[in-house]
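J.: From the sequence below, what's the structure:
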Amino acid sequence: MSDESNEPGHGHSPAAWTAITIMLIGFAVGTIAFWFDTPWLVWSSAGLVVVGAIVGWIMKKAGYGVNGPKSAPKEH
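T.: Have a look, this model is predicted:
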């Protein structure tokens, strides 16, 4: 078996959840906009995906990442 103390957390943090939620919304809106042939909204959605990645990085640096001081780990 593996040692639980070496587990990196697999992104279970507020920073990861926030980033993925923003990026998922961007992908969903972009897919619908592509289907309706609305190029400006497709590109705006692509920008939202990039914003989600930046927000996740900023939150990680602010301490909300895995093992960050402001993130409470969940016991399984």
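J.: List the contacts of the most centrally placed residue in the chain.
T.: The structure's the chain has its C-alpha centroid closest to Ala19; by CA atoms, centre = their mean the separation is 2.1 Å. Neighbouring residues of Ala19 by CB atoms under 8 Å, 6 or more residues apart in numbering: Gly52, Ala53, Val55, Gly56, Trp57, Met59. For every residue, glycine as well, the C-beta is placed using N, CA and C.
J.: give me the element the residue nearest to it when sequence neighbours are not counted is part of.
T.: Spatial nearest neighbour of Ala19, chain neighbours left out: Gly56 (2.6 Å); criterion: CB to CB, 6 or more residues apart in numbering. Using DSSP states H and E, Gly56 sits in helix 39-59.
J.: so what does that helix touch, helix or strand wise?
T.: Where contact means 3 or more CB pairs under 8 Å, 6 or more residues apart in numbering; DSSP states H and E, helix 39-59 is packed against helix 14-35.
J.: Of the contacts of Ala19, which is the most crowded?
T.: Of all the contacts of Ala19, Gly56 has the most neighbours under the rule other CB atoms under 10 Å, reaching 24 neighbours.
J.: Roughly how far does that residue sit from Pro14?
T.: Using CB to CB, to the nearest Å, Gly56 is found at 10 Å from Pro14.
J.: ok, and what's touching the helix holding Gly56?
T.: Contact partners of helix 39-59, identified using CB under 8 Å, 6+ apart, comprise 14-16, 18-23, 25-27, 29-30, 33-34, 65.
J.: Just the buried residues out of these, in ChimeraX syntax.
T.: To isolate the buried ones among those in ChimeraX, judged by 16 or more other CB atoms under 10 Å, type:
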select :14,15,16,18,19,22,23,26,29,30,33,65
